[in-house]
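Novice: Make a model of this:
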Amino acid sequence: MKTLNFSKLTEGLIPAIIQDATTKNVLMLGYMNEEALTQTQESGKVTFYSRSKKRLWTKGEESGNFLEFMSFKEDCDQDALLIQANPRGPTCHKGNDTCWGEKNKSNFGFFSELEKTIAKRKEDDNDESYVASLFRKGINKIAQKVGEEAIETVIEAKDDNRDLFLNESADLLFHYLILLKAKGFSLSDVEALLRHRKR
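Specialist: A predicted model of the protein is given here:
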């Protein structure tokens, strides 16, 4: 905190970007002075300086939807903050998960896009689609394919061919995503269960 340049910006305030520590989604933007950052660290609840109220303001002090402080980083010029926090309820005062009206759910990058593609292939039911053909054949065939790919992955794991192992791993994961969709689940459901087990 000693390197932060609070005097560089108007009224000694530094913009603070709040990011969900788990999903990595941006939740909101607020402003902090040195006192707000100190209180945030000491209380464990993200606290801002309210430009309208002209005082320190702890997010959730009225609604109960606090932001549990986890950590912070300074940017390269030491005049902006990235705050990692765990939201306890909606972040936006309008009741939304984020101040941009977005759902604060996990995004697995390419894997999330792949889940969307699998869902679309199932919905379109195109005769030329391999994924659609698996859904037409039913859950037993999909489960069988996952089993086959799992065995092939294990076999390749016992050998030293990295390319074959990675290819079989990709096939296994791809077919597992199809199985999850067939059973009405997604990676988010698996993630939620694993997080619960971690507790």
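Novice: What is the burial count for the spatially closest residue to residue 190 that is not a sequence neighbour?
Specialist: Setting aside the residues directly before and after it, residue 190 is nearest to residue 180 in space (C-beta to C-beta, 6 or more residues apart in numbering), at 7.3 Å. Backbone N, C-alpha and C define where each C-beta goes, glycine included. For residue 180, the count of nearby residues is 19 (other C-beta atoms under 10 Å).
Novice: Please verify my assumption that residue 180 contacts residue 191.
Specialist: No: in this structure, residue 180 is not within contact of residue 191 by C-beta atoms under 8 Å, at 11.5 Å.
Novice: list the contacts for the residue nearest to residue 190?
Specialist: 115, 186, 187, 189, 190 (C-beta atoms under 8 Å, 6 or more residues apart in numbering).
Novice: With residue 183 instead?
Specialist: residue 139.
Novice: Stretch 41-57: how far from the chain's middle?
Specialist: 25 Å (C-alpha atoms, centre = their mean, to the nearest Å).
Novice: same question, stretch 162-179
Specialist: 23 Å.
Novice: tell me the domain ranges of the chain?
Specialist: Residue ranges for the domains of the chain, per automatic domain parsing: 6-87, 110-198.
Novice: Relative to residue 104, which of the ones you listed is closest?
Specialist: domain 6-87 (5.1 Å; C-beta to C-beta).
Novice: rewinding a little: looking at the domains of the chain, which is buried most?
Specialist: domain 6-87 (a mean of 17; mean count of other C-beta atoms under 10 Å).
Novice: Which residue would you name as the spatial centre of this protein?
Specialist: Residue closest to the average C-alpha location in the chain (C-alpha atoms, centre = their mean): residue 23, at 2.1 Å.
Novice: Need the three-state assignment for that residue.
Specialist: Recorded secondary structure, residue 23: coil (DSSP: H, G, I helix; E, B strand; the rest coil).
Novice: so who does it touch?
Specialist: Here residue 23 is in contact with 104, 105, 106, 107 (C-beta under 8 Å, 6+ apart).
Novice: just checking, what's the longest helix in the chain?
Specialist: helix 162-182 (DSSP state H).
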